[in-house]
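Asker: Fold the stuff below for me.
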Amino acid sequence: MLSLLAFTVTWDFTIRGYLIVGLSVAILCGSVYLLLATNVGSRLGFLLSMAGLFGWMLLMGAVWWVYGIGLVGAAPAWEVLEVVKSESVEDTTAARTDEARDLSVDWRPLAEDDAKRGEAQAAADEALTGEESTVQVFEATADYKSIAAYDIGGKSSGFVTDNLPGPHPVHYAVIQVQPVVPVVQLASPDEDCPADSACYVLGETPPKAAADPDEPVYTVVLERDLGARRLPAALITVASGIIFAICIYLLHERDKLL
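Answerer: Coordinates of the predicted model:
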């Protein structure tokens with residue numbers, strides 16, 4: 001049994017983590033309580049140690065909450081709503097999302113070096129090529145090329161108030177892609193190049209991927225999920241603050257009684 005227990009603790013990181021946390025709490029908090037209990041009594045020592053513990057957790061949780069560190073929740077991410085197939089970049093009337101049916105109204109173009117476009121493109125790539133995606137269209141990202149990207153809604157960038165908590169307008173983005181022209185490698189310069197293909201001879205630099213204008217356009221509609229990065233820290237802060245307030249209130253009432 002001892003050998004089995006040692007093997008389990010060694011390889012099961014979950015059990016080992018629980019044991020480490022439990023021993024740490026017992027040693028650190030238990031030693032403080034034991035020291036206080038031997039000096040001021042068990043009940044008062046318990047109140048003092050609990051007040052100190054949850055006062056410290058209140059400060060720690062507040063720092064986590066402000067900076068978004070420590071125990072964090074789900075990070076913000078782009079969620080794919082739908083993929084619309086059309087004959088041109090302007091035709092998105094088949095979209096179920098009302099805002100995406102006309103990209104000429106209020107939509108802001110995203111430059112290729114824009115960080116928002118990079119994040120949205122990564123989410124779109126996962127939807128278009130991911131094995132677990134329900135709207136998979138292509139086998140690999142090399143089969144298509146991103147030709148346009150837009151966004152609408154969200155907080156306007158460049159204002160100090162954007163970083164303050166408060167209501168966040170719904171933020172949408174669209175990524176438009178189109179299949180690329182097939183690239184064919186020829187064994188010799190005399191070999192005929194297939195129609196509607198980009199060819200190069202063995203030993204030459206392959207041509208860059210180019211969108212095929214005769215192929216349909218796929219518009220990926222995404223919505224920004226703000227996540228809950230600071231929620232765990234906020235819950236820890238509020239809960240610790242309540243317990244800390246109860247402890248110091250009881251200590252205050254005890255002092256008044258004495």
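Asker: in terms of contact, does residue 234 touch residue 66 like I think?
Answerer: No: Residue 234 is beyond contact range of residue 66, at 10.3 Å (criterion: Cβ atoms under 8 Å). All C-beta atoms are positioned from the backbone trio N, CA, C, and that covers glycine.
Asker: Now do the shared contacts for the two.
Answerer: By Cβ atoms under 8 Å, 6 or more residues apart in numbering, residue 234 and residue 66 have no common neighbours.
Asker: Please compare these two by neighbour count and tell me which comes out ahead.
Answerer: Legend: neighbour count by other Cβ atoms under 10 Å for residue 234 and residue 66, higher for residue 234 (15 against 11).
Asker: Spit out the contact partners of that one.
Answerer: Residue 234 sits next to 61, 65 when contact means Cβ under 8 Å, 6+ apart.
Asker: How about residue 216, nearest residue that isn't a chain neighbour?
Answerer: residue 85 (5.3 Å; Cβ to Cβ, 6 or more residues apart in numbering).
Asker: can you give me phi and psi for the residue positioned nearest the centre of the chain?
Answerer: The residue lying closest to the centre of the chain (Cα atoms, centre = their mean) is residue 75, at 3.1 Å. For residue 75, the backbone dihedrals (degrees, to the nearest 10) come out as phi -80, psi 160.
Asker: which SS state does residue 189 fall under?
Answerer: coil (DSSP: H, G, I helix; E, B strand; the rest coil).
Asker: Which parts of the stretch 151-258 of the chain are helices?
Answerer: For the stretch 151-258 of the chain, the helices defined by DSSP state H, counting those that start in this stretch occupy 231-257.
Asker: quick one: the strands in it?
Answerer: All strands of the stretch 151-258 of the chain, identified by DSSP state E, counting those that start in this stretch, fall at 171-179, 183-186, 198-201, 217-225.
Asker: how about the ones you listed in CSV, adding mean neighbour count?
Answerer: Formatted as CSV, those follow (neighbours: other Cβ atoms under 10 Å):
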stretch, mean neighbour count
strand 171-179, 23
strand 183-186, 14
strand 198-201, 15
strand 217-225, 21
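Asker: Same list (those strands) but as a markdown table, adding mean pLDDT.
Answerer: Formatted as a markdown table, these follow (pLDDT from 0 to 100):
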| stretch | mean pLDDT |
| --- | --- |
| strand 171-179 | 95 |
| strand 183-186 | 79 |
| strand 198-201 | 79 |
| strand 217-225 | 95 |
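Asker: For the ones you listed, give me TSV that also has distance to residue 98.
Answerer: As requested, the strands of the stretch 151-258 of the chain are exported to TSV (distance: least, Cβ to Cβ, whole Å):
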stretch	distance to residue 98
strand 171-179	10
strand 183-186	39
strand 198-201	39
strand 217-225	11
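Asker: Show me the one of those strands that comes nearest residue 210.
Answerer: strand 198-201 (6.8 Å; Cβ to Cβ).
Asker: before we move on, back to that, residues in contact with the residue nearest to residue 216?
Answerer: Each residue near residue 85 by Cβ under 8 Å, 6+ apart is listed here: 94, 216-219.
Asker: That one - that's part of a helix, no?
Answerer: No: counting by three-state DSSP, one finds residue 85 to be strand, located in no helix.
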